[in-house]
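Undergrad: what follows is a predicted structure for the sequence shown.
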Amino acid sequence: DTDKLNLLTYQFELYGNETSLINEVRARIEQEPLTNDDRTRLRRLIKTMNPDDILHYLGSLDNIFTYIRTIAAERLRQDMTVQLFIEQFIRSKSRLNDSILRWTDFSAIQLRYIIDFHEMFEEIAFDQVLRAYIKKELAEETFIQEERKRIIDAFCRATFEKEKIIEKLKSIDLWIAMLKRLIVRILNANISLDVPLQIYLERTDLWNNGVNYDDLATFEVEDDILLQHTYVILT
């Protein structure tokens, strides 16, 4: 499906060039997690979308972030909704998909929740759409069974199974969510895959808002575990 691949290329080129985009949004608008009820409701709605709409909407959120980073923080309010932000600050709508305002439950989200919403959207996009577009060099079949086992065992020992890792990073669900976001944002970009995965695990923009540099200093993955191994670890 060439059209879908073009959508993916656009999405990931953006993140290949704007690696600090998430943190710049966080710096301008203090972020909060969605309530459990809102998370459940929004997750259910996202899962009703067709694959193209999911990718279009995710791309539109990315474009909103590029606008947020250019606006002085004092002009932004936590309780400003996505719809109000678009109406007030985005004159040209050509880079936004029509669905950004059509899904009223989404456009009513306040900017204080936009990163948490975006991260949830990415995780669902990975599960429902992007698994089918994993590069051949990332796929499980690229590695023999013994190598896959070695990679997974080494990664687990160095991360959530490590005795001295900070408590919040002992949650396997936290790691699964982060690895999905890593694949969505990085692995389909035109970057080298034969670099240590640790370089990316140290980036706070790939983690939930509550994880900081001090937390990430409590683990270290060996340099022979590469970015290329991300999908093997996740699966």
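TA: Sure, I can see it.

Undergrad: ok, now which ones touch the residue nearest to A158 when sequence neighbours are not counted?
TA: By the measure of Cβ to Cβ, 6 or more residues apart in numbering, the closest residue to A158 outside its immediate chain neighbours is V221, 4.6 Å from it. Heads up, the C-betas are built off the backbone N, CA and C, glycines and all. The neighbours of V221, taking Cβ atoms under 8 Å, 6 or more residues apart in numbering as the test, are 154-155, 158-159, 196-198, 201.

Undergrad: could you measure from V221 over to I22?
TA: With distances taken as Cβ to Cβ, to the nearest Å, V221 is found 21 Å from I22.

Undergrad: equivalent analysis for D79, please.
TA: According to Cβ to Cβ, D79 and I22 sit 21 Å apart.

Undergrad: sorry, back to before: mind checking which of the contacts of V221 are in helices?
TA: Residues of those located in helices (DSSP state H): 154-155, 158, 198, 201.

Undergrad: of those, just say which sits nearest to D98.
TA: Taking Cβ to Cβ as the measure, L201 is the one of the ones in helices among the contacts of V221 closest to D98, at 36.7 Å.

Undergrad: the closest one and F155: what is the separation?
TA: Taking Cβ to Cβ as the criterion, L201 is separated from F155 by 10 Å.

Undergrad: just K135 next, same as before
TA: As judged by Cβ to Cβ, K135 and F155 stand 19 Å apart.

Undergrad: looking at those two, which one has more neighbours?
TA: Comparing K135 with F155 by other Cβ atoms under 10 Å, the one with more neighbours is F155, at 23 against 13.

Undergrad: which residues touch that one?
TA: By Cβ under 8 Å, 6+ apart, F155 lies in contact with 197, 221, 225, 229, 233.

Undergrad: hang on, the fourth one in a strand?
TA: Put plainly, it is H229. No - under the criterion used here (DSSP: H, G, I helix; E, B strand; the rest coil), H229 is helix, not part of a strand.

Undergrad: which residue sits closest to it, ignoring its sequence neighbours?
TA: Nearest to H229 is I151, by Cβ to Cβ, 6+ apart, at 4.9 Å.

Undergrad: show the contacting residues for that neighbour.
TA: I151 sits next to 143, 225, 229, 232-233 when contact means Cβ under 8 Å, 6+ apart.

Undergrad: tell me the SS of it?
TA: When the structure is reduced to helix, strand and coil (three-state DSSP), I151 reads as helix.
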